[in-house]
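>>> test case, fold it:
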Amino acid sequence: MSTGDLLHIHPTELKFPFELKKQSSCSMQLTNKSDKYVVFKVKTTNPKKYCVRPNTGVVMPGSTCRVTFTMQAQKEAPPDMQCKDKFLLQSVVAPDGTTTKDITSDMFIKEDGKVVEDFKLRVLYIPGNLPSPVAEESDEGCSPSRPSVFENGNQDTSLLDAVSRSLEEPKEKSF
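Residues are numbered from 1 along each chain as shown. Now for the predicted structure:
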């Protein structure tokens, strides 16, 4: 089940490309299915190993929020590439106009009449040193601040072309 009554969560498993001594990231998208403000908080069983941004936030009615999970570089591979780490995403309805600064841990205390939705996310490692379409999609999904396609659907390759040319030019001139 990928959804509660408040948030639709995609994907429901966190797939990290795994390479020794390399940091890796993946992301998930939260979509508010309700007509109310929803606040969320992310917890993990291994807080020293992961960085979550944002780890708390507000998702306004009908809108979405991308959460990026970064795993610190690992010195050794786990047996059979299995990971026992988990994340817990908690969400709860908040008053209209709530901002990230208004979020407190008290909001997530389960009390009479208050519904706090809990969703557990498991962690999977995928080989990061092999060319894999899954790994490439994960990398692209983790860089929402760098759009590669304009609103009209055309890709912006001018910057890539300019950088490629500038990298090629010094090599030709140095010979």
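
>>> so what touches stretch 91-107?
4, 6-7, 30, 34, 36-41, 54, 56-59, 108, 114-117, 119 (CB atoms under 8 Å, 6 or more residues apart in numbering). Any C-beta I mention is one placed from the backbone N, CA and C, and that applies to glycine too.

>>> how about a cut-off of 7 Å?
4, 6-7, 36-40, 56-58, 108, 114-117 (CB atoms under 7 Å, 6 or more residues apart in numbering).

>>> from these, which would you call buried?
Buried subset of the contacts of stretch 91-107 (neighbour count, 16 or more other CB atoms under 10 Å): 4, 6-7, 37-40, 56-58, 108, 116-117.

>>> switch those over to CSV; also include secondary structure, distance to Phe87 and pLDDT.
What follows is the buried ones among the contacts of stretch 91-107, written out as CSV (DSSP: H, G, I helix; E, B strand; the rest coil; distance: CB to CB, whole Å; pLDDT from 0 to 100):
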residue, secondary structure, distance to Phe87, pLDDT
Gly4, coil, 15, 82
Leu6, coil, 17, 96
Leu7, strand, 14, 97
Tyr37, strand, 22, 97
Val38, strand, 17, 98
Val39, strand, 17, 98
Phe40, strand, 11, 98
Thr56, strand, 13, 98
Gly57, strand, 14, 98
Val58, strand, 19, 98
Phe108, helix, 14, 97
Val116, strand, 16, 96
Glu117, strand, 14, 97
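
>>> distance of Cys116 relative to Phe40?
Just to correct that, residue 116 is Val rather than Cys. Applying CB to CB, to the nearest Å, the value for Val116 to Phe40 is 10 Å.

>>> overlap of the contact sets of the two?
Counting by CB under 7 Å, 6+ apart, the residues touching both Val116 and Phe40 are Gln90.

>>> re the thing from before, closest to Thr68 among the contacts of stretch 91-107?
Nearest to Thr68 among the contacts of stretch 91-107, counting by CB to CB, is Gly57 at 11.7 Å.

>>> which ones are touching that closest one?
Applying CB under 7 Å, 6+ apart, the residues near Gly57 are 40, 65, 100.

>>> out of those, which is nearest to Lys15?
Taking CB to CB as the measure, Lys15 lies nearest Cys65 of these, at 19.3 Å.

>>> could you list everything that closest one pairs with in the sheet?
Leu30 (DSSP bridges).
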